[in-house]
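>>> Give me a model of this one.
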Amino acid sequence: MSKIDPTILPALATDQPQNVSAATQNPAKSPDKLILLITALALILWGLSIAAFGIPGLYIPALIAVPVIFTLLMVITRG
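Residues are numbered from 1 along each chain as shown. Coordinates of the predicted model:
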């Protein structure tokens, strides 16, 4: 016995597009592109600071990021 719903078989057999619900026409926007853009921008700026200031441009942004990341970890941990 097949577990396929027989009511959807005619829809699968046709080559014409079916009515698509509004939810699939306008999918929710994901923040993935924004996160990727911000990360890429931060890396580019960090690279430019290394090019402009040398070794201090490498470690000073990392030192500044430590308390920021620590605070974010505390916020995530608290829920």
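>>> Only C-alpha atoms from now on, for both contacts and neighbour counts.
OK.
>>> residues of stretch 52-68 that come out buried?
By 16 or more other CA atoms under 10 Å, the buried positions in stretch 52-68 come out as 57-58.
>>> CA atoms only for that stretch - export them in CSV, please.
C-alpha atoms of stretch 52-68 as CSV (Å, rounded to 0.1, in the frame of the first residue of the first chain):
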residue,chain,number,x,y,z
ALA,A,52,48.2,51.5,7.9
PHE,A,53,49.6,50.9,11.4
GLY,A,54,51.6,47.7,11.2
ILE,A,55,51.7,45.4,14.3
PRO,A,56,49.7,47.7,16.6
GLY,A,57,47.0,47.6,13.9
LEU,A,58,46.9,43.8,14.3
TYR,A,59,46.7,43.5,18.1
ILE,A,60,44.9,46.7,19.3
PRO,A,61,41.5,45.7,17.6
ALA,A,62,41.9,42.2,19.0
LEU,A,63,42.4,43.7,22.5
ILE,A,64,39.4,45.9,22.1
ALA,A,65,37.3,42.9,21.0
VAL,A,66,38.0,40.9,24.2
PRO,A,67,35.6,42.7,26.5
VAL,A,68,33.0,43.0,23.7
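>>> who's in contact with it?
With contact meaning CA atoms under 8 Å, 6 or more residues apart in numbering, stretch 52-68 is reached by 46-47, 49-51.
>>> Output the longest helix belonging to this protein.
If you go by DSSP state H, the chain has its longest helix at helix 55-78.
>>> I'd like the mean pLDDT over it, please.
Regarding helix 55-78, the rounded mean pLDDT is 94.
>>> What distance do you get for Leu37 to Gly57?
21 Å (CA to CA, to the nearest Å).
>>> my bad, should have said Ala28
Ala28 is 39 Å from Gly57, by CA to CA.
>>> ok, now Leu43?
The gap separating Leu43 from Gly57 is 12 Å, by CA to CA.
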